[in-house]
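1. Predicted model and sequence follow; I will ask about them next.
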Amino acid sequence: MSKYFDWRIDSGKKVWTTNLPSFNWGPVLATGGGVLFAGGTNDRMFRAFDAKTGKILWEFPTGSGVAAVPVSFQVDGKQYIAVQSGWGVDSAGMQAQLNGAFPGKYPEVPEGGAVWVFAVR
């Protein structure tokens, strides 16, 4: 189990904490609408978080781990979030070390390569 934190840069205080099933190997996209998007856990989920509370608003199982930067774009007035799913060399190597240190605790994540695109309502 890993924790995901949100810190106030201006005060240096922790705002919220969310528990995740593993270490997070992926970056986070913060949107102007108060939603954070992140993958990076070995359960292969891509998640949306409420930026103020840390509550998981939505999650989707991808075919592999998400270690890429999510991006936001707009087409004809509709907002989309896209992210590449595919466990890479760094995260796969660290996964192997974790499995050696903690046998059976962290499931293997298949390598892959897909771009997932989600419409935002």
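-> That came through fine. Numbering: from 1, shown residues only.

2. so what's residue 29 bridging to?
-> Per DSSP bridges, the residues bridged to residue 29 are residue 37.

3. give the contact list for the spatially most central residue of the chain.
-> Nearest residue to the geometric centre of the chain (C-alpha atoms, centre = their mean): residue 39, 1.7 Å. Residues in contact with residue 39, defined by C-beta atoms under 8 Å, 6 or more residues apart in numbering, are 26, 45, 46, 47, 62, 65, 66, 67, 68, 70, 83, 85. For the C-beta atoms, the positions are set from N, CA and C on the backbone; glycine is no exception.

4. which of those tops the neighbour count?
-> Tallying neighbours with other C-beta atoms under 10 Å puts residue 66 at the head of the contacts of residue 39, with 30 neighbours.

5. In contact with that residue, which residues?
-> Counting by C-beta under 8 Å, 6+ apart, residue 66 touches 26, 38, 39, 40, 44, 45, 46, 83, 84, 85.

6. Widest-spaced pair of those residues?
-> With distances taken as C-beta to C-beta, the most widely separated pair in these is 45 and 84, at 14.8 Å.

7. Could you pull up the residues touching residue 27?
-> Going by C-beta under 8 Å, 6+ apart, the list of residues near residue 27 reads 38, 40, 68, 69, 70.

8. Just give the closest residue to residue 28, not the sequence neighbours.
-> Once flanking residues are discounted, residue 28 sits nearest to residue 38: 4.4 Å by C-beta to C-beta, 6 or more residues apart in numbering.
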